[in-house]
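# any chance you could fold what I've pasted below:
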Amino acid sequence: VSEYLADAAPRVEAMKARQDDIVSLMAQAAGQELTVGSRYVNAVNAVSLRIPYGKLDTIRAVDGVRNAYVQRVYDRPVTTAGTAIEGKFAHSYNMTGLGDVWAQGFTGQGMLVAVMDTGLDLNYTTWGNFQTGIRRVHEAFTEDSFKSELNDSQLRYTNGSLARFLQTTQLMSTTGIDGQKITYGNNDLYKNRKVPYAADYADGDLNVMPSESDHGTHVAGIIAAENNKIGGIGVAYNCKVMVLKAGNSSGYFNNSDIAEAIQYAYMNGADVINMSFGGSNISFAVEEALENAYTTSVLVAAAGNDGACNNLSCQECDKVGVSYPAALPYVIGVMSTDKDGKHLSSFSNYDHNPYDSIEYEVYAVGEGVGSTWPSNKYACLNGTSMAAPTVAGIAALLRSYYSDREVYSTKFIQSQIVNTGTVNPHMSLMGDGHVTDEAHSVADVVEALTKLPKPSVNLYDYYIDDSTSINSNNNGNGVVDAGETVRLYISL
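Residues are numbered from 1 along each chain as shown. As a prediction, this is how the structure comes out:
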């Protein structure tokens with residue numbers, strides 16, 4: 001990170017200067033002063049501004065403006081209370097084969113999973129405080145980390161690189177409730193060994209404690225709760241968690257905050273990004289940030305809890321709708337099943353028209369999922385918000401196994417999760433009764449680790465071109481003869 005930021009500093013400063021020039025042109029066109037809210041210089045080149053809605057077309061016409069759009073708000077899928085916690089973990093873990101994978105030593109070690117949600121209760125023993133559960137998680141952000149084993153050049157992060165990153169992303173300060181400027185240091189970003197860094201993009205500070213919504217604490221626990229014999233166990237319990245608080249106290253997510261959080265996760269090397277929220281539209285800034293993050297991070301999102309078909313022109317289903325970012329083709333959209341993985345949850349959005357540009361890819365258990373809850377409590381919830389982090393944890397386990405990114409791309413990890421499951425849930429569709437979803441399966445980490453899917457490829461037709469225009473020795477009879485040079489056209 002430090003090397004990248006040192007090399008990128010001149011480019012970033014030039015980009016900021018160009019942004020300021022364009023903002024000045026927009027202010028002239030709008031006939032009023034404009035104040036920059038957030039600035040994006042890594043995953044996407046953009047700024048956020050407050051302007052009258054009637055000036056939107058004027059702003060779009062300014063030279064240098066690629067696009068301008070209204071701030072959109074995403075919502076975390078509404079969750080409901082589940083069943084008693086006892087026995088629940090066994091259900092979900094048996095469905096995904098986690099016990100077998102853990103026994104082989106794959107527990108998420110070395111992986112960094114970004115949880116973009118409503119924050120995290122950091123008073124938790126589950127997160128590896130200084131009494132329990134810390135030996136599995138390294139202090140990757142302190143100057144004396146691994147001094148006996150690694151030198152500074154081998155450390156993934158240092159205090160110095162974090163300080164430069166904070167300055168670049170304008171997280172060095174914020175405005176307090178009394179209107180006074182509050183300045184932070186890079187040490188404020190570091191939380192503990194389990195959560196090496198965390199930031200609040202909804203409020204513009206580094207306090208990620210949830211205000212009202214406990215959603216983020218539950219989601220993070222499904223992925224990464226320590227195996228410390230206290231409460232439950234996360235799917236990839238030895239991974240580290242990057243907490244990106246993008247949801248406000250009401251559980252709503254502004255797309256400007258999401259884009260900034262994605263940029264932060266992407267630049268800091270998140271192996272997996274979990275997004276248990278969604279909306280009916282996707283903004284340019286969020287989409288472009290995700291496209292860039294996809295080059296290095298596995299992206300996972302909840303399909304949503306509206307019980308809606310994703311085919312907007314569908315005549316068979318009584319409710320249709322699309323949830324982004326889950327419906328994007330480079331994001332693993334996760335639908336929910338019952339505790340046995342046999343039936344689509346009644347609340348879950350679903351994919352009724354597979355293999356198109358609006359796609360949810362895989363199922364996971366999303367009913368009665370037990371996980372961490374603030375104030376050292378545990379709770380069971382229902383929702384695709386609970387199914388998605390199960391898949392995010394599986395992605396972390398796969399990435400720790402297939403660690404060479406030059407050989408195993410993000411697309412490979414995604415394909416292994418989506419195409420290797422063997423359990424196909426039943427769906428209740430209007431007019432069809434109970435039908436099996438043959439196109440989608442329940443994510444299974446054992447299958448994903450041991451089975452390489454084979455593409456379903458069929459030869460439909462072929463054509464042999466042996467015309468004399470290719471070679472004077474050809475005879476043009478459409479048959480391959482000795483000494484000819486031919487072109488073979490294949491339809492698959």
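
# SS state for Ile464?
strand (DSSP: H, G, I helix; E, B strand; the rest coil).

# Leu488 is in contact with that one, correct?
Yes - the criterion here is CB atoms under 8 Å, and Ile464 meets it with Leu488 at 6.0 Å. All C-beta atoms are positioned from the backbone trio N, CA, C, and that covers glycine.

# higher neighbour count, those two?
Comparing Ile464 with Leu488 by neighbour count (other CB atoms under 10 Å), the higher total belongs to Ile464, at 14 against 10.

# that one: what's it in contact with?
Listed by CB atoms under 8 Å, 6 or more residues apart in numbering, the contact set of Ile464 reads Gly478, Val479, Val480, Val486, Arg487, Leu488, Tyr489.

# quick one, which of these are buried?
Applying 16 or more other CB atoms under 10 Å to the contacts of Ile464, the neighbour count classes none of them as buried.

# farthest-separated two in these?
Using CB to CB, those reach their maximum pairwise distance at Val479 and Tyr489, which is 14.6 Å.

# check what pLDDT Ser92 gets.
Predicted confidence (pLDDT) for Ser92: 63.

# if we can go back for a sec, out of the contacts of Ile464, who's nearest Tyr350?
Within the contacts of Ile464, distances to Tyr350 taken as CB to CB reach their minimum at Tyr489, with 38.7 Å.

# so that closest one sits in a strand?
Yes - judged by three-state DSSP, Tyr489 forms part of a strand.

# which ones are touching the nearest residue to it once chain neighbours are set aside?
Spatially, and ignoring its direct neighbours in sequence, Tyr489 is nearest to Tyr463 (4.3 Å; CB to CB, 6 or more residues apart in numbering). By CB under 8 Å, 6+ apart, the contact set of Tyr463 is Gly478, Leu488, Tyr489.

# could these be laid out in a markdown table, adding distance to Asn238 and pLDDT?
Formatted as a markdown table, these follow (distance: CB to CB, whole Å; pLDDT from 0 to 100):
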| residue | distance to Asn238 | pLDDT |
| --- | --- | --- |
| Gly478 | 61 | 90 |
| Leu488 | 51 | 93 |
| Tyr489 | 51 | 93 |
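
# before we move on, back to that, and the residue nearest to Tyr489, how close does it get to Pro374?
Taking CB to CB, to the nearest Å as the measure, Tyr463 and Pro374 are separated by 66 Å.

# could you do Ser472 as well?
81 Å.

# so which of the two has more stuff around it?
Pro374 (19 against 7).

# pretty sure the more buried one contacts His215?
No - assessed by CB under 8 Å, Pro374 is found out of contact with His215, at 10.5 Å.

# where are the low-confidence patches of the stretch 251-400 of the chain?
251 (pLDDT under 70).

# can you give me the helices for it?
All helices of the stretch 251-400 of the chain, identified by DSSP state H, counting those that start in this stretch, fall at 255-267, 284-293, 384-401.

# between those helices, which one is closest to Asn238.
helix 384-401 (8.6 Å).

# what's the first helix or strand after the closest one?
Going down the chain from helix 384-401, the next helix or strand is helix 410-419, by DSSP states H and E.

# quick one: that following helix to helix 384-401, angle?
120 degrees (axes from the mean of the first three to the mean of the last three CA atoms, to 10 degrees).

# what is the neighbour count of Asp100?
15.

# actually Leu398, not the one I wrote
26.

# elements contacting the lengthiest helix in the chain?
Taking DSSP state H as the assignment, the helix of the chain that covers the most residues is helix 2-30. With contacts taken as 3 or more CB pairs under 8 Å, 6 or more residues apart in numbering; DSSP states H and E, helix 2-30 sits against strand 36-40, strand 46-49, helix 56-60, helix 159-168.

# please state the offset of the first one from the chain centre?
Mean-position distance between strand 36-40 and its chain equals 22 Å (CA atoms, centre = their mean, to the nearest Å).

# contacts for it, please.
Under CB under 8 Å, 6+ apart, the answer for strand 36-40 is 16, 19, 23, 46-50, 170, 256-257, 259-260, 263, 285, 289.

# and which of the contacts of Ile464 is nearest Asp100?
Asp100 has its nearest neighbour among the contacts of Ile464 in Leu488, at 45.2 Å by CB to CB.

# pretty sure the closest one contacts Tyr462?
Yes - contact status for Leu488 versus Tyr462: in contact at 6.6 Å, counting by CB under 8 Å.

# counting neighbours, what do you get for Lys342?
14.

# look up the closest residue to it, ignoring the ones flanking it.
Pro425 is the one closest to Lys342 (CB to CB, 6+ apart), at 5.9 Å.

# correct me, but the one you found touches Thr337?
Yes - between Pro425 and Thr337 there is a contact under CB under 8 Å: 4.9 Å.

# before we move on, the earlier item: ok, and the most crowded of the contacts of strand 36-40?
Ranked by the number of neighbours (other CB under 10 Å), the contacts of strand 36-40 place Glu260 first, at 32 neighbours.

# give the burial count for the nearest residue to that residue once chain neighbours are set aside, as a bare number.
Leaving aside its chain neighbours, Glu260 sits nearest to Tyr201 (5.0 Å; criterion: CB to CB, 6+ apart). Counted by other CB under 10 Å, the residues lying close to Tyr201 total 27.

# who's in contact with Tyr201?
Tyr201 sits next to Leu244, Lys245, Ala246, Asp257, Ile258, Glu260, Ala261, Tyr264 when contact means CB under 8 Å, 6+ apart.

# please apply the same query to Asn207.
Contacts here follow CB under 8 Å, 6+ apart; on that basis Asn207 touches Asp200.

# got the confidence number for it?
Value for Asn207, per-residue pLDDT: 76.

# that one: what secondary structure?
Following three-state DSSP, the label given to Asn207 is coil.

# tell me how far it lies from Asp121.
Going from Asn207 to Asp121 by CB to CB gives 12 Å.

# check Gly105 too.
Remark: distance between Gly105 and Asp121 (CB to CB) = 30 Å.

# how about Ala395?
With CB to CB as the criterion, Ala395 and Asp121 are 24 Å apart.

# for Val300, same thing?
22 Å.

# with Ser371 instead?
12 Å.

# who has more neighbours, those two?
More crowded of Ser371 and Asp121, by other CB under 10 Å: Ser371, with 27 against 22.

# can you pull the contacts of Lys285?
For residue 285 the amino acid is Ala, not Lys. So Ala285 contacts Tyr40, Val44, Ala46, Tyr69, Asn255, Ser256, Ala259 (CB under 8 Å, 6+ apart).

# find the nearest non-adjacent residue to it, please.
Leaving aside its chain neighbours, Ala285 sits nearest to Ala259 (4.1 Å; criterion: CB to CB, 6+ apart).

# surely that neighbour and Val286 touch.
Yes - in this structure, Ala259 is within contact of Val286 by CB under 8 Å, at 5.1 Å.

# need the nearest residue in space to Ala261, chain neighbours excluded.
Ala261's closest residue in space is Leu244 (CB to CB, 6+ apart), at 4.0 Å.
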